[in-house]
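In: Pasting the sequence and the predicted coordinates here, then a few questions.
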Amino acid sequence: MRLADLLRGIAVRGIIGDAGVEVSGVAYDSRSLRPGDLFLAWKGARYDAHDFVPGAFRTGAAAAVVERADAVPRDLPAGRAAVLVADARAVAGPVSANFYRHPTAQLGMVGVTGTNGKTTTTYLVRELLQQLGPVGLVGTVSAIVGGRARPSRLTTPEAPDLQHLFSEMVASGDRYCVMEVSSIALARRRAESVAFDVGVFTNLTPDHLGPYEHPSFAHYRESKRRLFELVGRPVPGAPPKTAPVGVAVNVDDKYGNSMAAAAGAVPVLRFGLGPEAEVRAEDIRFSAAGATFRVGYPGGAVPCSMRLSGRFNVYNALGAFCVGMFYGMPAEGISEALGRVSGVPGRLELVSGPQPFAVLIDYAHTPDGLENVLRAAREIVVSAPSPGRVIVVFGCGGDRDRGKRPLMGEIGARLADVAWLTSDNPRSESPEAILREIEAGAARIPGADYRATPDRREAIGAAIGAARQGDVVIIAGKGHENYQIFADRTIHFDDREEAEAALARLGFR
């Protein structure tokens, strides 16, 4: 494709060299760049890609998009070009969409954002949309293209990778795509050229605050809000779409109505458990194996039985239910689809076995997430024939928001009967130092029963070893992750494997 065609509809400050040069690919990482590629250069948190522009041309880049003219070699080879723009990140989406010929114009696009619940909601939405046709998925655990899953590196990939994924979905016959849309992706403009038809807001609590992420909660909130400004908006250069459009918001969250307001004239469905909700769950009952409830919606009600437990999963199901309504699906069909989802990796995932207590793995790594999963565990416990205790194992990641460490310590000590404080991904920080900050919060709860164990394997084994009949053991923080990051190494570590090994040592395997 000619460079001039790639730049259609994009504001540029100038072009150095040959605007007619042929481009065979789009790259933003000089290490993966191939001859003929267009190289996108922007300043990141740790590196400035402008430093790699000369090397990109030596490798054979056909062109580069840059923010600084001084990054362009003075001896730019003939038949090459450099494009000057004000914001290369903002250009990455439109350029990539142009290169891949706007694949999201051919897909029913559902975007899900929020602090917690994105992954589970996307799995639920995928299941129900499969009644209409093949569905791709982009998210934290995996990307699914043409029915085949592949591991994910980022919740929402960079714009070139994202548009490439969409093009693969179209080529493989997918008719729909549901994706997690992270706040970082929205802040960094990765989703600007995605033709979203439906958006879902799950909830919002402080997260991803720090020098490499969001500078403030306000920035984080407004980044999330951007998704709902994009829903139903025509994408420059893309063919028009005739798909249904709509926004579903958790109205029980205090930011729900603000997200709905961002949608403008796009239809909105509000879901929740309270009187403001148009799509509402009632008569909710929980067990370790799932939840049952009735969904009331405009014009009727339908029973629903899920193999996912926890009040937060009821909210996730309601968000997915709204998506089904936007696509005109019958309520009974939506309910049946929600009941078919047997689980989501690392999201209140049951470690099954003959043990007389429940062991559940969850990704909860924020104060709100930990509180939600512990409240879910309490609901399971009190609903059991022989109520037991809630036992939790959790830690906090290093090189991340330190303010949430004492908060999570306090939540764990307050909502669990026994808490094991341990390591998560300590990264460059001392595990013991992180633990001290978590303990400071746990110590605020009078009479709290907690222990600090830096070794996560030891903490999981001790917690499971202490469990009795009717107890619920929650192993929180890592969920689907199968690694642990230290200052000098990354090791294989899977909470499910560790739980199964601990159960085996007790004779339950």
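Out: Received the coordinates, thanks.

In: what sits against E497?
Out: Under the criterion of C-beta atoms under 8 Å, 6 or more residues apart in numbering, the neighbours of E497 are N482. Just so you know, the C-beta spots here come from the backbone N, C-alpha and C atoms, and that holds for glycine as well.

In: Make sure it is indeed in a helix.
Out: Yes - per DSSP: H, G, I helix; E, B strand; the rest coil, E497 lies within a helix segment.

In: how near is it to Y100?
Out: 38 Å (C-beta to C-beta, to the nearest Å).

In: show me where pLDDT drops low in this structure?
Out: Low-confidence segments of the chain (pLDDT under 70): 206-214.

In: my guess is V66 meets A86, correct?
Out: No - V66 is beyond contact range of A86, at 10.9 Å (criterion: C-beta atoms under 8 Å).

In: and the two? which has more neighbours close in?
Out: V66 (23 against 10; other C-beta atoms under 10 Å).

In: Can you name the residues bridging to the more buried one?
Out: The partner list for V66 in beta bridges (DSSP bridges) reads L84.

In: Use 597 as the first number from now on
Out: Got it, first residue is 597 now, which makes that one V662.

In: Contacts only, for it.
Out: V662 sits in contact with 637, 646, 649, 668, 678-681, 684, where contact means C-beta under 8 Å, 6+ apart.

In: Rebuild those as TSV, extending it with neighbour count.
Out: Shown next, in TSV, are the contacts of V662 (neighbours: other C-beta atoms under 10 Å):
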residue	neighbour count
A637	24
H646	18
V649	23
V668	22
A678	22
V679	25
L680	18
V681	22
A684	24
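
In: What is the burial count for the closest residue to R903 other than its chain neighbours?
Out: Excluding its sequence neighbours, the residue lying closest to R903 (C-beta to C-beta, 6 or more residues apart in numbering) is G886, at 4.4 Å. A count of nearby residues for G886, using other C-beta under 10 Å, gives 21.

In: Now do the buried residues in whatever helix or strand E764 lives in.
Out: In this structure, E764 sits in helix 755-768 according to DSSP states H and E. By neighbour count on 16 or more other C-beta atoms under 10 Å, the buried set for helix 755-768 is 755-766.

In: ditto for stretch 618-637
Out: Buried residues in stretch 618-637 (16+ other C-beta under 10 Å): 619, 621-624, 626, 629, 633-637.

In: Show only the entries of those residues found in helices.
Out: Among those, no member is found in helices (DSSP state H).

In: thinking again about what came up before, surely the residue nearest to R903 meets V910?
Out: No - in this structure G886 lies outside contact range of V910 using C-beta under 8 Å: 10.5 Å.

In: which residues are common contacts for these two?
Out: By C-beta under 8 Å, 6+ apart, the residues touching both G886 and V910 are M902.

In: which ones are touching L1099?
Out: Counted by C-beta under 8 Å, 6+ apart, L1099 has contacts 947, 949, 951, 955, 1060, 1105.

In: for V741, same thing?
Out: 732, 761, 764-765, 768, 770.

In: cool, and N909?
Out: Neighbours of N909 in contact, by C-beta under 8 Å, 6+ apart: 713, 716, 887, 902, 943-944, 972.

In: Try it again at 6 Å.
Out: Not one residue lies near N909 by C-beta atoms under 6 Å, 6 or more residues apart in numbering.

In: What of N912?
Out: N912 neighbours (C-beta under 6 Å, 6+ apart): 713, 716-717.

In: who wins for neighbours among these?
Out: Highest neighbour count within the contacts of N912, by other C-beta under 10 Å: T717, with 30 neighbours.

In: And it, its phi and psi?
Out: Per-residue torsions, T717: phi -60, psi -40 (degrees, to the nearest 10).

In: ok, now E776?
Out: phi -80, psi 130.

In: is it in a bridge, and if so with what?
Out: If you apply DSSP bridges, the partners that E776 bridges to are V708.

In: wouldn't it be in contact with K714 here?
Out: Yes - E776 lies in contact with K714 (C-beta atoms under 6 Å); the separation is 4.2 Å.

In: overlap in contacts of these two?
Out: Joint contacts of E776 and K714 (C-beta under 6 Å, 6+ apart) are V708.

In: Enumerate every residue touching I740.
Out: By C-beta under 6 Å, 6+ apart, I740 lies in contact with 732-733.
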